[in-house]
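J.: Got a predicted structure here, sequence first:
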Amino acid sequence: MTLEGCNTELSWKVFGHACSIARALGYFSIDGNHKGPEGHICPAQESSEHRNEVERNRMRFEFWHLLRTDCLFRISFGKPALLPEGSWAVNLPDPSITGVDDASTHFIQIHFLASMRLTLVVLKYLDWVNAESDQNSATYDSWLDGLIAEVEAILSDWNVEELMSTTKALIDTWFCADILFTSYKIIIVLSQAKKCNRDSDHLPRHTVDLTRKSLKVFQSLMGSTVRAFWGISILLLHQFIFFFLLCMDIIDCQETGNNEESLALVAWVNEIAVKVAEKRPELGLTTLVTRLMTAACEQVHLGR
């Protein structure tokens, strides 16, 4: 809810408290010893030996979502890691939790497995960013290409785009959409981290194409759920990076033939943001940004 209100600092504080509580309840040491906040070794709690496997699986499941959220704060808001390497000892759970493969939880299981594989890719990237190494080395571009290939493999292993078209329940559709949009975002972040792209004055065409693709899928989903309410956090966490990249490309004016389509997508995102912000004054700064960026794109398109 704090992210929905665009209060990043409060949401970060709440998440920190959640991690402290989870650590105290033994979520960080389900499968072994871990390092405490001051670096000392904390043995697994004795009570964990008496937990049945279903409860342990449920705790693992919840911990890994904490880890994913930690990565979200790090990569989206530049926050430090609250769950650094060595501070936890938790295996991946059986995604069914109970060990019974129930068809009703099929999409939940797919979402968990795919999103955790994506989390592991992000962790590798964040560790690389934090390492004191020569990030301009040409070998790192090929290493980043390997991470991109991992993300693309996740999309193809579950054929996420086609899977999303087969869903019947809205929540299952958004499980698939979350995998899809997160994958697109990670691919773009990894691609832009490559030296060959960091040194360029222009966005690569494949980045712009993927940006348009994401916004089109999002537009299609929003259009198919006209009676549903989606808050500003859906835009902030999934689509704003694509919105800003598309604005940058329009202002850069390298591909004027596609500017009409790009401008229409930018205007649509602004319209959605303004609509969501109605009667919500705390979102005024967010819509100010979308309005100004949209206006700048329109002026460039008109040749001003």
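T.: Received it, and whenever you're ready, just let me know what you need.
J.: so what's the residue lying closest to residue 141 once chain neighbours are set aside up against?
T.: Sequence neighbours aside, residue 194 is the residue nearest to residue 141 in space, at 4.6 Å (criterion: C-beta to C-beta, 6 or more residues apart in numbering). Using the backbone N, CA and C atoms, a C-beta is placed for each residue, glycine as well. Shown in contact with residue 194 (C-beta atoms under 8 Å, 6 or more residues apart in numbering): 140, 141, 144, 145.
J.: so what's the backbone phi/psi at the most centrally placed residue in the chain?
T.: Nearest to the geometric centre of the chain sits residue 182, at 4.3 Å (C-alpha atoms, centre = their mean). Dihedral pair for residue 182: phi -60, psi -40, per degrees, to the nearest 10.
J.: Would you agree it is in contact with residue 119?
T.: No - counting by C-beta atoms under 8 Å, residue 182 stays clear of residue 119, with 9.2 Å between them.
J.: Quick check: residue 89 is in a strand.
T.: No - per DSSP: H, G, I helix; E, B strand; the rest coil, residue 89 lies outside any strand segment and is coil.
J.: what element comes up after the host helix or strand of residue 155 heading to the C-terminus?
T.: Using DSSP states H and E, residue 155 falls within helix 138-157. Going down the chain from helix 138-157, the next helix or strand is helix 160-165, by DSSP H and E.
J.: can I get the CA coordinates of that next one in CSV?
T.: Coordinates of each C-alpha in helix 160-165 appear next as CSV, following Å, rounded to 0.1, in the frame of the first residue of the first chain:
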residue,chain,number,x,y,z
VAL,A,160,4.8,-17.4,-21.2
GLU,A,161,3.2,-15.3,-23.9
GLU,A,162,1.2,-18.2,-25.2
LEU,A,163,0.4,-19.4,-21.7
MET,A,164,-1.0,-16.0,-20.8
SER,A,165,-3.5,-16.3,-23.7
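J.: for stretch 259-272, what is the average pLDDT?
T.: Stretch 259-272 shows a mean pLDDT of 93 in the predicted model.
J.: Identify the residues contacting that stretch?
T.: Identification of contacts with stretch 259-272 by C-beta under 8 Å, 6+ apart yields 208, 212, 215-216, 219, 222, 235, 239, 243, 246-247, 249-250, 253, 287, 290-291, 293-294, 297-298, 301.
J.: Tell me the predicted confidence for residue 92.
T.: Here, the pLDDT recorded for residue 92 equals 92.
J.: Can you classify it as helix, strand or coil?
T.: Per three-state DSSP, residue 92 ends up coil.
J.: Where do the helices of the chain begin and end?
T.: Here the chain has its helices, by DSSP state H, at 8-24, 53-77, 106-130, 138-157, 160-165, 170-193, 195-198, 205-223, 232-234, 240-252, 259-276, 284-301.
J.: For residue 87, which of those helices is the nearest?
T.: For residue 87, the closest of these is helix 8-24, at 8.3 Å, according to C-beta to C-beta.
J.: List the buried residues of the closest one.
T.: 8, 11, 12, 15, 19, 22, 23 (16 or more other C-beta atoms under 10 Å).
J.: Lowest-confidence entry in those?
T.: pLDDT across the buried residues of helix 8-24 is lowest for residue 8, at 87.
J.: Next one, pLDDT for the closest residue to that residue other than its chain neighbours please.
T.: Distance criterion C-beta to C-beta, 6+ apart; nearest residue to residue 8, sequence neighbours excluded, is residue 77 at 5.5 Å. Listed pLDDT for residue 77 reads 89.
J.: Repeat that for residue 278.
T.: At residue 278, the model reports a pLDDT of 86.
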